[in-house]
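Colleague: give me a model of this one.
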Amino acid sequence: MTIGLSPTFDLGPLTLTWHGVMAAFGLVVGMLMAGHFARARGLSADVVPGMAIAAAISGVVGARLYYLAQEDSERLTRPWSGSSAGFAFYGTVVAALPAVAIFLRVTHRPVLTHLDVLALAFPAGMAIGRLGDLINGEHYGPPTSLPWGVSYAESASHAPETGIPYHSGALYEVVAVTLLALIVAAGHRRFRRPGDALWFVLGAYSTIRFVVFFWVSDVGVVGLGLRQAQWTSIALAAVAIIGWRVSRARFAGAPPAASSRCPASPS
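Modeller: Numbers count the residues shown, from 1 in each chain. Next comes the predicted model:
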């Protein structure tokens, strides 16, 4: 596979990035999917735009701070001074979940029930958003002769050299998250207890990223042969396991279908 697109392109007087365009497209698709899952679970879709705004704003801030914590910690107190380039996606996950939870609690909506809706929509939006990384040549791995190696014709890409096929962590993540999106779309009715969908998707996505980053070379190893994203994956997988056990115990006595629709539940 050879990609000949530049990371940026002009649309009239505007210069756009594929990364930004695909992220925006992924957000729109995620919102539409969240609305669909909300209605399917007996909830109002009116809350989806508010959740999306809370996730987008906190996600941008979180992604920036997560990046600076790894690359330039001295700028954490002034993250937007000087160059504002540099974001790391896991910061979005870490920041957006509590931000959306706070939004839901302030607006008096059951938190886990609505976070489940967001989680079910997340893989589809993520798969689209990651296409921007693939076009840009981000998260490349070592050179490969395998037929699914990705080469780049544009010198502006992030790949080290043009014309050489590399393993692509971005491609592997797109494929894996697309499969996850199909799984949750087909089986979303099985996640009936509050929190089940959230913890499943968080655990599955963390596992995907942990595995994918063994084929990523554009970020360094930080300890025990693992990269920062992999250590974060381990932490989030642990959160998912603990959260699943706690929520299952909390709602053990309630019928799954009823507990997921109960408007008075605070979680």
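Colleague: in contact with the nearest residue to residue 120 once chain neighbours are set aside, which residues?
Modeller: Spatial nearest neighbour of residue 120, excluding adjacent residues (Cβ to Cβ, 6 or more residues apart in numbering): residue 37 at 4.5 Å. Every C-beta, even on glycine, is put in place using the N, C-alpha and C of the backbone. For residue 37, the contact set (Cβ atoms under 8 Å, 6 or more residues apart in numbering) comprises 117, 120, 121, 188.
Colleague: how much space between residue 37 and residue 30?
Modeller: For residue 37, the distance to residue 30 (Cβ to Cβ, to the nearest Å) stands at 10 Å.
Colleague: what do these two both touch?
Modeller: What both residue 37 and residue 30 touch, as defined by Cβ under 8 Å, 6+ apart, is the set residue 121.
Colleague: next up, identify which helix or strand residue 142 is on.
Modeller: strand 140-143 (DSSP states H and E).
Colleague: need the three-state assignment for the spatially most central residue of the chain.
Modeller: Geometric centre of the chain, nearest residue: residue 126, 5.2 Å, by Cα atoms, centre = their mean. Secondary structure, DSSP: H, G, I helix; E, B strand; the rest coil: residue 126 is helix.
Colleague: ok, it touching residue 205?
Modeller: Yes: Residue 126 lies in contact with residue 205 (Cβ atoms under 8 Å); the separation is 7.4 Å.
Colleague: joint contacts of those two?
Modeller: Residues touching both residue 126 and residue 205 (Cβ under 8 Å, 6+ apart): residue 177.
Colleague: check which element follows the helix or strand containing the residue nearest to residue 120 along the chain.
Modeller: Per DSSP H and E: residue 37 is located in helix 18-40. As assigned by DSSP H and E, the chain's next helix or strand after helix 18-40 is helix 48-71.
Colleague: so which bits of that following helix are buried?
Modeller: Using 16 or more other Cβ atoms under 10 Å as the test for burial, helix 48-71 gives 48, 50-52, 54-56, 58-68, 70.
Colleague: can you list the low-confidence ranges for the stretch 151-267 of the chain?
Modeller: Applying pLDDT under 70 to the stretch 151-267 of the chain flags residues 253-267.
Colleague: which residues in the protein form helices?
Modeller: For the chain, the helices defined by DSSP state H occupy 18-40, 48-71, 90-106, 111-136, 169-187, 196-212, 228-250, 256-261.
Colleague: can you say which of those helices is packed in most?
Modeller: Highest mean neighbour count of the helices of the chain: helix 111-136, a mean of 25 (counted as mean count of other Cβ atoms under 10 Å).
Colleague: and the helix holding residue 37, what's its mean pLDDT?
Modeller: What helix 18-40 shows for mean pLDDT is 95.
Colleague: and it, how far out from the chain's middle?
Modeller: Computed by Cα atoms, centre = their mean, to the nearest Å, the chain-centroid distance of helix 18-40 equals 12 Å.
Colleague: check stretch 219-236 too.
Modeller: Per Cα atoms, centre = their mean, the centroid offset for stretch 219-236 relative to its chain is 17 Å.
Colleague: now do the end-to-end distance for it.
Modeller: Terminal residues of stretch 219-236 lie 19 Å apart, using Cα to Cα, to the nearest Å.
Colleague: list the contacts of that stretch.
Modeller: Residues beyond stretch 219-236 that count as contacts (Cβ under 8 Å, 6+ apart) turn out to be 70, 88, 90, 93-94, 139, 202-203, 205-207, 209-210, 213-214, 216.
Colleague: before we move on, back to that, how about the contacts of residue 37 in CSV, adding distance to residue 17?
Modeller: Below are those laid out as CSV (distance: Cβ to Cβ, whole Å):
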residue, distance to residue 17
117, 29
120, 28
121, 24
188, 32
